[in-house]
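*Asks:* Kindly generate the corresponding structure for this input.
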Amino acid sequence: MKGKKIFITLVVVVTVLALGIILRDVFLFPEWRDITREEARRGRVGLIYVEGTILAGRGQGGLMGAPGMDPVLKQLQEARLDPQTRAVVLRVNSPGGSAAASQEIHREISKIREEGKPVVVSMADVAASGGYYISVAADKIMANPGTTTGSIGVIMQFANLEELYEKLGVDFETIKSGEYKDMGDPGRSVTPEEREVMQAMADDVFDQFVEAVAQGREMSREEVLEVADGRVFTGRQALDKGLIDDMGDLYDAVDAAARLANLEDPQVKDYTRVSPWSLFWSGGLQEETVPYRLLEGISFYNIIRGVEKQ
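*Replies:* Take a look at the predicted model:
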């Protein structure tokens, strides 16, 4: 009975949240109703957020699950296929993550550019490692002076709990089909042969990273290797190294994207806006998500820009 009451209360809370966000756009921000007609005439800039660890798939799901990047891929595709969207701003706030997931986002950004739509990256607090990998696919990269970026490199780590297991009296029996099938087993040390295999993997992914940076930033491989030792840079240092193009915040990035697309006073469509139901069930209810969207949503963005111009 108690569990049923908790479930009903939870449903009511989510319902109220959903209604609150819907009513916010309808009543508090009536300008939202006019955006569609305005966009059809003027064109618009798409806004997509990449936040947190970059992981492939849909995420783990649930309230506490880690989000995957599949929604970002979908948003990039929507922006590419949307005829009213003439340019895209990618707001990156990520320390990196999976190499494969970063490459998927990189590829989708490249597809947008192939359609003739410019892409501008706006770096927030951090856009390092995989966060930088996806950024180099853009036409222009902008950051704040204190942004943390760079970290061009690859890392593979395995825990060695052999001594701990011995103290606890824990023993493992391993049956495997091949010599390297249990590579990375925390119950023993890595063998020299296994280390060689893993080093080759890391080197291969590193070469892919360097190639992506060289191509995206129009640098030689040698120039990239000079800064590809894994170190991070501030935004100002990155500008001096040629890793980014300019200083600026999110609004500056939107203005830059509009100029590249020859748009005057465009509206902005936030492709990251999602329903409260998907936030609850898909693992999207992450740190700062709800309040951040309330402040950074498309309606609020356009209203603030309108106030600045009065």
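*Asks:* Kindly format the C-alpha coordinates of the helix or strand encompassing residue 131 as CSV.
*Replies:* Taking DSSP states H and E as the criterion, residue 131 maps to helix 130-135. In CSV, the C-alpha atoms belonging to helix 130-135 read as follows (Å, rounded to 0.1, in the frame of the first residue of the first chain):
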residue,chain,number,x,y,z
GLY,A,130,36.3,13.4,-26.9
GLY,A,131,34.7,16.8,-26.3
TYR,A,132,37.5,18.3,-28.4
TYR,A,133,37.4,15.4,-30.9
ILE,A,134,33.8,16.3,-31.9
SER,A,135,34.5,20.0,-31.9
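*Asks:* Okay, now the unreliable bits of this structure?
*Replies:* 1-8, 10-14, 16-41, 59-67, 273-310 (pLDDT under 70).
*Asks:* Which residue ranges make up each domain of it?
*Replies:* 2-151+231-309, 154-221 (automatic domain parsing).
*Asks:* Could I get these in TSV, plus columns for mean neighbour count?
*Replies:* Using the backbone N, CA and C atoms, a C-beta is placed for each residue, glycine as well. Formatted as TSV, these follow (neighbours: other C-beta atoms under 10 Å):
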stretch	mean neighbour count
domain 2-151+231-309	18
domain 154-221	13
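*Asks:* that older thread, who does the helix holding residue 131 touch, helix- and strand-wise?
*Replies:* strand 85-94, helix 99-114, strand 119-128, strand 148-150, helix 192-217 (3 or more C-beta pairs under 8 Å, 6 or more residues apart in numbering; DSSP states H and E).
*Asks:* who wins for proximity to residue 79 among those?
*Replies:* Residue 79 lies closest to strand 85-94 among the helices and strands packed on helix 130-135, at 5.0 Å (C-beta to C-beta).
*Asks:* Next, the angle from that closest one to strand 119-128.
*Replies:* 0 degrees (axes from the mean of the first three to the mean of the last three C-alpha atoms, to 10 degrees).
*Asks:* Strand 85-94 pairs with which strands, parallel or anti?
*Replies:* With DSSP bridges as the test, strand 85-94 is paired with strand 44-51 (parallel), strand 119-128 (parallel).
*Asks:* Contact partners for the most centrally placed residue in the chain?
*Replies:* Centroid-nearest residue in the chain, with C-alpha atoms, centre = their mean: residue 50, separated by 2.3 Å. Counting by C-beta atoms under 8 Å, 6 or more residues apart in numbering, residue 50 touches 69, 72, 90, 91, 92, 93, 94, 105, 131, 134.
*Asks:* Apply 10 Å and report the result again.
*Replies:* The contact partners of residue 50, by C-beta atoms under 10 Å, 6 or more residues apart in numbering, come to 69, 72, 75-76, 90-94, 102, 105, 121, 124, 127, 130-131, 134-135, 272.
*Asks:* Tell me where the stretch 201-310 of the chain has strands.
*Replies:* 232-234, 246-247, 267-270 (DSSP state E, counting those that start in this stretch).
*Asks:* Would you convert those strands into CSV that also reports distance to residue 179?
*Replies:* Below are these laid out as CSV (distance: least, C-beta to C-beta, whole Å):
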stretch, distance to residue 179
strand 232-234, 37
strand 246-247, 51
strand 267-270, 51
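*Asks:* closest to residue 86 out of those?
*Replies:* Among these, strand 267-270 sits nearest to residue 86 (C-beta to C-beta), with 10.7 Å.
*Asks:* I'd like the distance from that closest one to the chain centre, please.
*Replies:* Averaging C-alpha positions (C-alpha atoms, centre = their mean, to the nearest Å) puts strand 267-270 18 Å from its chain's average.
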